[in-house]
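Q: Fold the stuff below for me.
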Amino acid sequence: MYPVLKTMLSALLFLMPGSMLAQGFLKTSGQQIVNEKGENVLLRGIGLGGWMLQEGYMLRVPREGQQYRIKERIAGLIGAERTETFYDAWLANHTTRADIEAMKKWGFNSVRLPMHFNLYTLPADKEPVPGKDTWIEKGFLMTDSLLAWCRDNGMYLILDLHAAPGGQGNDLNIADRDGSKPSLWEDEAQQRKTVALWRKLAERYRNEPWIGAYDIINEPNFGFTDPAGDKNGTKEKDNARLRKLMMEITAAIREVDQKHIVIIEGNGWGNNYSGVLPLWDKNMVMSFHKYWNYNDDKSIAHILRYRQENNVPVWVGETGENSNVWFTEAIRLLEKNNIGWAWWPLKKIGINNPLEVKSNTNYQQMLAYWQDTSKPKPNADSVYHGLMDLAAATNFHNNVIHKDVLDAMLRQPARPEAIPYAKVELKAGTVIPAVEYDYGANGFAYYDTDTANYRVSNPNHTGGNRGGAFRNDGVDIRRDDTGYAVINIAKGEWLQYTVNVRKTGTYTVKLLVAADTAGASIQLLGNGIPLVPAKALGGESGWRELEIPGVPLKKGPLSFRVSAEAGGYRLREIRFE
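A: Below is the predicted model:
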């Protein structure tokens, strides 16, 4: 009876509403974030970048990447009415319950919502009555829906003011800022509105335990004392205006909400806390952002120092935008030090996210015109259809799920060993695409010599998948008219494939290869042992079939590697006869 009872109980718990399973409000306890039981909570989350606030790079938009400029440029091609139709479709499709359910299933426990203020209120300079606040229901209703999805899945929701009224920095795309107007820091009316917005949000969500925290200003980046030489505030010493506004926001929140954590970010994209401290609230977390630097103790030494000196929890509220190798390294480093994280972003055009948004020809033609306006102006109908197709492509059910990215984030930090890409029963006639090598860390499922972008630590170290297609490991993969191929294979690099050999025998292996150098050669290894002598490719640069006869394979599981004894070739597929 016990196993049956246990199964029934598990099913009941699964069906219970998320609010019934809540562990209460998150809060701080010394240097930890804890639930109401006092248990340490390590936040593993993703930011929903691109939903409420588009950034041009996510859409591959050339030059001006602020959302308001993208919108103006679209309206110039298809008119204001159809532009609004596109944006309505974008907001309806980009993030839905299915996204949150998938994140929970994969193993994440939190979501960071990058909010654009203009979905909640008007800019201060557009208010009909100066000094008053017009509240827009759309943003609040979107947040309500997202919160309901998170609650039902037991996921903490962190509210992040990503685009503040007036714009909080000189990196204009981040906050959708019009650089010809005064910034948030130069306009008291926009500051007052920012405070009022946070009070409104706190009043609405004060009793919601699945709201994990309020991240009150994303990535301030403004040079207060040297706007010309240090425009993004990375070296700023006098952050008095930043401290003052964050204190005012905190006070407004505390007028109506004593329960939720307040997260603060320093200047210089979140990391410069000079002049911001000491802390002013007992339930506060310091956030840091980490991109493109080495994943060693030195890279987070300042984060650990701030945590210790201020006896406060720390959180990496943004990180990502790199290769799978970098992802695994970063998460392993952070979690070893009990630092929670929120990846950036969940989805966009490109391969280095859990979800990929597929582009389309009509949309690409619009981008080409924006890149070079001397080209013929695209037809308005084709632009509209391209944009609507793009909006539909943002929907979870139309996204490409990158299992390699998820594996790198959620399994490989603790278990880097290789696992099969797919279940393959190897027999005569089996064809394995070269790009379908095992999942796993570098040195376990494959070996590549140039695996990640560390340009902040070393400007010359900018590796990763240089072909930009299919997978996000260090392996270079390119797509052409006939499919995907591994390219730039260098000496010592290898790919591993795990299969089940159906029948013992001697096989002929045929590799579809192309040589980039005359001295390129390939070695086949089975379970680490050479199966046959290395085979030279010759100097032919075009695709051809390289035949390797007499390869002995035993029935049962086999992990074999295709290794470059001398580099300089490409590989498309492996065939067994």
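
Q: which residues does residue 134 contact?
A: Contact analysis of residue 134 by Cβ atoms under 8 Å, 6 or more residues apart in numbering lists 121, 122, 127, 128. Using the backbone N, CA and C atoms, a C-beta is placed for each residue, glycine as well.

Q: Let's see the ChimeraX selection covering just the buried ones among those.
A: Buried residues among the contacts of residue 134 (16 or more other Cβ atoms under 10 Å), as a ChimeraX selection:
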select :121,122
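
Q: any idea which of the contacts of residue 134 is closest to residue 382?
A: Residue 382 lies nearest to residue 122 out of these, by Cβ to Cβ, at 33.8 Å.

Q: Just give the nearest non-adjacent residue to that closest one, would you?
A: Using Cβ to Cβ, 6 or more residues apart in numbering and skipping residues adjacent in sequence, the residue nearest residue 122 is residue 134, 4.7 Å away.

Q: Could you tell me the end-to-end distance of stretch 487-505?
A: End-to-end span of stretch 487-505 (Cα to Cα, to the nearest Å): 31 Å.

Q: Please convert the contacts of residue 134 to CSV, extending it with secondary structure, pLDDT and distance to residue 527.
A: Compiled in CSV, those are given as follows (DSSP: H, G, I helix; E, B strand; the rest coil; pLDDT from 0 to 100; distance: Cβ to Cβ, whole Å):
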residue, secondary structure, pLDDT, distance to residue 527
121, strand, 98, 63
122, coil, 98, 66
127, coil, 98, 71
128, coil, 97, 74
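
Q: Quick check: residue 519 is in a helix.
A: No: counting by DSSP: H, G, I helix; E, B strand; the rest coil, residue 519 falls outside a helix, being coil.

Q: dump the residue contacts of it.
A: Contacts for residue 519 were tallied using Cβ under 8 Å, 6+ apart; they are 536, 566, 568.

Q: residues contacting the second one?
A: When you say that, I think you mean residue 566. 491, 517, 519, 520, 521, 536.

Q: quick one: contacts for the closest residue to the last one other than its chain neighbours?
A: Leaving aside its chain neighbours, residue 536 sits nearest to residue 521 (4.5 Å; criterion: Cβ to Cβ, 6+ apart). Contact criterion Cβ under 8 Å, 6+ apart gives 534, 535, 536, 537, 564, 565, 566 as the residues in contact with residue 521.

Q: Correct me if wrong: the fifth one contacts residue 486.
A: Yep, that's residue 564 we're talking about. No: assessed by Cβ atoms under 8 Å, residue 564 is found out of contact with residue 486, at 10.3 Å.

Q: out of these two, which sits in the more crowded spot?
A: residue 486 (27 against 22; other Cβ atoms under 10 Å).

Q: quick one: strands adjacent to whatever helix or strand that one lives in?
A: Residue 486 is part of strand 483-489 when elements are defined by DSSP states H and E. In the sheet, strand 483-489 lines up against strand 477-480 (antiparallel), strand 569-576 (antiparallel) (DSSP bridges).

Q: before we move on, back to that, can you tell me which of the contacts of residue 566 lies closest to residue 73?
A: residue 517 (44.8 Å).

Q: can you tell me how far that closest one sits from residue 170?
A: Taking Cβ to Cβ, to the nearest Å as the measure, residue 517 falls 46 Å from residue 170.

Q: What of residue 403?
A: 38 Å.

Q: out of the two, which sits in the more crowded spot?
A: Between residue 403 and residue 170, residue 170 has the larger neighbour count (other Cβ under 10 Å), namely 18 against 13.

Q: and residue 562, that one's in a helix?
A: No: assessed with three-state DSSP, residue 562 is strand; it does not lie in a helix.
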